[in-house]
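Engineer: Turn this into a model:
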Amino acid sequence: MLLLACNHDDISADQALQIISKELKYPGPVLHTINKADPKQAKQARNSSLIEQKLLTVVPEGEYTPKGQHPIEPGPNAAPYLVPAQQPQDEQFVDVRIADQALKTPHDVKIRTGKNGDIALVTFTVVYTNVTPFAVLVKQRELNKEESKTVFFTRNEAGEWHIIEKPGTLFTEFGY
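Structural biologist: Numbering: from 1, shown residues only. Reported below is the predicted structural model:
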């Protein structure tokens, strides 16, 4: 008689955080892409202290932007916040670091496992540190507060847990 045993333990908070760290790249920087040709971003920069801090140079409103240049350019003090592009991108765009993000402790993780034990809904907390002056460009994010995030996990046939981006109908028992 042949008996096969599979490890069907529920996912632990430590295990979930380890997978979240690896797959979602925590800890890491929070980036913002500046469109150097966008008049809305130019106006937003003019209304901030980024020009005075020499983090951005912005063509004054109503002035002509010389051919081959953009209305917004990184200033002489921007270098510590500039992030090299991961992939080649149009020179019209530049990525800046607005903060660093990290996961809070396993004690803050909430796990709901599905009835069959092969799916889980994991809620965790992200904290933001080292907020940069460029954070004024993303007013919709409250980087001075902790943020709760939820991810969907599923267990494959080998018993390994992994994150799925689009849960589909698997998670209807959780109301998703």
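Engineer: hang on, residue 135 packs against residue 143?
Structural biologist: Yes: using C-beta atoms under 8 Å, residue 135 makes contact with residue 143 at a distance of 5.5 Å. (Each C-beta comes from the backbone N, C-alpha and C, glycine too.)
Engineer: and the spatially most central residue of the chain, bridged to which residues?
Structural biologist: Nearest to the geometric centre of the chain sits residue 30, at 5.4 Å (C-alpha atoms, centre = their mean). For residue 30, the beta-bridge partners under DSSP bridges are residue 99.
Engineer: ok, it - contacts?
Structural biologist: Residues in contact with residue 30, defined by C-beta atoms under 8 Å, 6 or more residues apart in numbering, are 97, 98, 99, 100, 101, 128, 141, 143.
Engineer: Give me the pLDDT value at the second one.
Structural biologist: Translated: residue 98. Note for residue 98: predicted pLDDT of 96.
Engineer: Give me the neighbour count for the closest residue to it other than its chain neighbours.
Structural biologist: Nearest residue to residue 98, sequence neighbours excluded (C-beta to C-beta, 6 or more residues apart in numbering): residue 135, at 4.5 Å. Using other C-beta atoms under 10 Å, residue 135 has 20 other residues around it.
Engineer: Look up how far residue 29 lies from residue 135.
Structural biologist: Distance, residue 135 to residue 29, using C-beta to C-beta, to the nearest Å: 12 Å.
Engineer: Between the two, which contacts overlap?
Structural biologist: By C-beta under 8 Å, 6+ apart, the residues touching both residue 135 and residue 29 are residue 99.
Engineer: Are we agreed that residue 17 is in a helix?
Structural biologist: Yes: assigned with DSSP: H, G, I helix; E, B strand; the rest coil, residue 17 falls within a helix.
Engineer: In this structure residue 50 contacts residue 135, no?
Structural biologist: No: using C-beta under 8 Å, residue 50 is not in contact with residue 135, being 10.4 Å away.
Engineer: Just the buried positions in stretch 96-113, please.
Structural biologist: 96, 97, 98, 99, 100, 101, 103, 108, 109, 111, 113 (16 or more other C-beta atoms under 10 Å).
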